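[1] Kindly return the folded structure for what I paste below:
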Amino acid sequence: MQTVEDILYTCYEEGIKDEVMACAAELSKLPKYKNRPAADIYHDAYLEVKRDKDIRLWESALIKATEYFPSKEELIVEFNNGSRYKYKEFSKELYDSFLNAESKGQFFLSEVRKKYMNSENMEKL
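    The predicted structure follows:
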């Protein structure tokens, strides 16, 4: 059985430690977790966060990586210049179109940037 420390170390390496800790805090409030060991709660939180996140690295002149959260309909884009932005209300259909685009950078510039530029649904991280 993994310890909480083992799980959190894995989360740290994967860049999801804060999300897993927040999820574990929420899970621990549920009746079914009342008398469960902390390691079980953190393990379930880890699985929940991993299930709801699609992380991809790209070989693109514009985009380094993306993280998509289907349940929240949010896309986080890390650009090659190091800047990161969150795009809210980013539908699964739009994300699928992005994934299927031959050029991720061109799709982003033509379909995403024009839709979200100066929008309240775009946030610099």
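[2] buried sites along the longest helix along the chain?
    Determined from DSSP state H, the single longest helix within the chain is helix 38-51. Taking 16 or more other Cβ atoms under 10 Å as the basis for neighbour counts, the residues of helix 38-51 that come out buried are D40, I41, Y42, H43, D44, A45, Y46, E48, V49. Quick note: C-beta positions are derived from backbone N, CA and C, even for glycine.
[3] Just give the strands next to the following helix or strand past it in its sheet, each with its orientation.
    The element immediately downstream of helix 38-51 (helix or strand, assigned by DSSP states H and E) is strand 54-57. For strand 54-57, the pairing partners within the sheet under DSSP bridges are strand 63-69 (antiparallel).
[4] Tell me which strands the following helix or strand past the partner strand pairs with, and in which orientation.
    Past strand 63-69, further along toward the C-terminus, the next helix or strand under DSSP H and E is strand 74-79. In its sheet, strand 74-79 lies beside strand 63-69 (antiparallel), strand 84-88 (antiparallel), with partners assigned from DSSP bridges.
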